[in-house]
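Asks: Need coordinates for the following:
(2 chains)
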Number of protein chains: 2
Amino acid sequence: MKHLKRSEIDGFERLYKINLVNALSGFKSANLIGTVSAAGEENLAVFSSVIHLGSSPPLLGFILRPTTVARNTFDNILETNHYTINHIAAPFVKQAHQTSAKYPKGESEFDATGLDSVYRENTPAPFVKDSPVQISMKFKQEIPIELNGTSLIIGEVIDVYFKENMLHEDGFLDLSKMSVATINGLDGYCQPVPLKRFKYARPNQELEEFS
Amino acid sequence: MKHLKRSEIDGFERLYKINLVNALSGFKSANLIGTVSAAGEENLAVFSSVIHLGSSPPLLGFILRPTTVARNTFDNILETNHYTINHIAAPFVKQAHQTSAKYPKGESEFDATGLDSVYRENTPAPFVKDSPVQISMKFKQEIPIELNGTSLIIGEVIDVYFKENMLHEDGFLDLSKMSVATINGLDGYCQPVPLKRFKYARPNQELEEFS
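Replies: Here you go, the predicted model:
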């Protein structure tokens, strides 16, 4: 095994270090967060830090960096209290990643990338029309992470829209069915292929698979 | 598109709801966290909530549930200040998932599942020998999430061990090279296949791929 000590990691050139450390958590979720300002300016930005926080109530979080493109997203969330989370699928990974470019605030990433927006009742923020899983979120709380100036942004799930063929009988949503992507590091898009789905594990009992 | 309102989600049977909501963030990281108690009892537990928080300093977080199997992990972290994060790869997803069974505190999940532990200098906690990416972590902070009684547990990267063939020239760690897995929902293990890796995106400029 290759061994890197912390002192070596700290000494790497900035981009090398970002590429490496961004891969250390494992594969990441691939989402586009859609928002709109109070003045009606749309924003769409790629995020790889959306995580599940709990089911009752249904809460999702994401990490907001201290500066950069993410700020437009959060400014809009503070203005309207709403945002959308849209899963990125294989057919539009290139357009999704292009939203990471630093567009001026007045320019919609929907227009710039050619991704279509769609609006639905009770959600002021735009959804990504071609996304197979689209979630309407209401902002709940910003928790500052003082160690590095980032924040955990928490929202509650209000409405969920998805392609019906993804849903199994037991509530499992099969993301592979619609080619949902995952991100390796900063910029490596991958498409997961199902291996195995396991039933509830118990000590000293053979683990069963779903057939 | 199938539409589920929040009131419908809240009304679902517990397991159905957990299956559904756990898939809403997208694909999740697949890791085994290794710890040891002050008395020398090993623990190993599967986690799908490890996230990247920043690169300078290199910080990773994970979500700790209010109760359940995760508590042994955190009790040990508080006793020794150290833990390991080990990426789950396709050849051992079954053993990895079996660590989610509720073993008594005195029983090592390494022994119970047949996964081999390995110890390395400066890290009291055990690593998973067959894992292609093994990280030595030092505990930094617990941030309570009062909305649902969970916590964000933050640690800093101390040492990293990985298969050398995963490392690209620019620091990118290619997780697919060693069949690192990802998790769909609670229990669906998948293996990502590379699609595209993109260069830095700029407004009004064609996005380039790495060749």
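Asks: packing partners for the lowest-mean-pLDDT helix or strand in chain A?
Replies: None of the helices or strands of chain A scores lower by mean pLDDT, DSSP states H and E than helix A:70-80, at a mean of 90. Contacts defined by 3 or more C-beta pairs under 8 Å, 6 or more residues apart in numbering or on different chains; DSSP states H and E place helix A:70-80 against strand A:31-36, strand A:42-47, strand A:58-64, strand A:82-87, strand A:123-128, strand A:133-145. All C-beta spots, glycine's among them, are computed from the backbone N, C-alpha and C.
Asks: Adjacent strands (with direction) for the second one?
Replies: For strand A:42-47, the pairing partners within the sheet under DSSP bridges are strand A:31-36 (antiparallel).
Asks: Does anything pack onto the helix or strand harbouring A:Ala96? Which helices or strands?
Replies: Secondary structure from DSSP states H and E places A:Ala96 in helix A:93-98. For helix A:93-98, the elements it packs on are helix A:109-113, strand B:188-197, judged by 3+ C-beta pairs under 8 Å, 6+ apart.
Asks: check whether the longest one contacts chain A.
Replies: To tie it back to what came earlier, the one meant is strand B:188-197. Yes: against chain A, strand B:188-197 shows contacts by C-beta under 8 Å from any C-beta of the partner chain at B:Gly188, B:Tyr189, B:Cys190, B:Gln191, B:Pro192, B:Val193, B:Pro194, B:Leu195, B:Lys196, B:Arg197.
Asks: Give me the contacts around the least confident helix or strand of chain A.
Replies: Helix A:70-80 is contacted by residues A:33, A:35-38, A:41, A:43, A:45, A:47, A:64, A:83, A:105, A:124-125, A:139, A:142, A:153 when judged by C-beta atoms under 8 Å, 6 or more residues apart in numbering or on different chains.
Asks: Now list the buried members of these.
Replies: Neighbour counting over the contacts of helix A:70-80 (16 or more other C-beta atoms under 10 Å in any protein chain shown) leaves A:33, A:35-37, A:43, A:45, A:47, A:64, A:83, A:124-125, A:139, A:153 as the buried ones.
Asks: Looking at these, spot the one nearest B:Phe162.
Replies: Checking the buried ones among the contacts of helix A:70-80 against B:Phe162 by C-beta to C-beta gives A:Phe47 as the nearest, at 25.2 Å.
Asks: That closest one and A:Thr99: what is the separation?
Replies: According to C-beta to C-beta, to the nearest Å, A:Phe47 stands 10 Å off from A:Thr99.
Asks: In a strand, A:Asn165, correct?
Replies: No: looking at A:Asn165 with DSSP: H, G, I helix; E, B strand; the rest coil, it is helix, so not inside a strand.
Asks: Now do the contacts for it.
Replies: Contacts for A:Asn165 were tallied using C-beta under 8 Å, 6+ apart; they are A:Lys177, A:Met178.
Asks: of the helices and strands packed on helix A:93-98, which approaches A:Phe12 most closely?
Replies: Nearest to A:Phe12, of all those, is strand B:188-197, at 19.0 Å by C-beta to C-beta.
Asks: Let's check: the centremost residue of chain A is which one?
Replies: Centroid-nearest residue in chain A: A:Asn31, 3.2 Å away (criterion: C-alpha atoms, centre = their mean).
Asks: picking that back up, now, of the residues of strand B:188-197 next to chain A, which are buried?
Replies: B:Gly188, B:Tyr189, B:Cys190, B:Gln191, B:Pro192, B:Leu195, B:Lys196, B:Arg197.
Asks: just checking, the second one touches A:Phe198?
Replies: Yes: taking contacts as C-beta atoms under 8 Å, B:Tyr189 lies within contact range of A:Phe198: 7.5 Å.
Asks: Now list whatever residues contact both of the two.
Replies: With C-beta under 8 Å, 6+ apart as the test, B:Tyr189 and A:Phe198 both reach B:His97.
Asks: got a list of what the closest residue to A:His87 other than its chain neighbours touches?
Replies: Leaving aside its sequence neighbours, A:His87 sits nearest to A:Val133 (C-beta to C-beta, 6 or more residues apart in numbering or on different chains; 4.0 Å). Listed by C-beta under 8 Å, 6+ apart, the contact set of A:Val133 reads A:86-87, A:160-163, A:166, A:173, A:175, A:178, A:180, B:23-24, B:26.
Asks: Just list whatever residues bridge to A:Val133.
Replies: Legend: beta-bridge partners of A:Val133 under DSSP bridges are A:Phe162.
Asks: Look at it and report its pLDDT.
Replies: Looking at A:Val133, its pLDDT stands at 98.
Asks: Confirm that A:Ser49 sits in a helix.
Replies: No: assessed with three-state DSSP, A:Ser49 is coil; it does not lie in a helix.
Asks: Tell me the spacing between it and A:Ala90.
Replies: For A:Ser49, the distance to A:Ala90 equals 20 Å [C-beta to C-beta].
Asks: which intervals of chain A have sub-threshold pLDDT?
Replies: Scanning chain A for pLDDT under 70 picks out A:67-70.
Asks: if we can go back for a sec, reformat the helices and strands packed on helix A:93-98 into CSV and put distance to A:Asn19 next to each item.
Replies: As requested, those are exported to CSV (distance: least, C-beta to C-beta, whole Å):
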stretch, distance to A:Asn19
helix A:109-113, 23
strand B:188-197, 10
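Asks: Out of those, which gets nearest to A:Gly149?
Replies: Of all the helices and strands packed on helix A:93-98, helix A:109-113 sits nearest to A:Gly149, with 24.5 Å by C-beta to C-beta.
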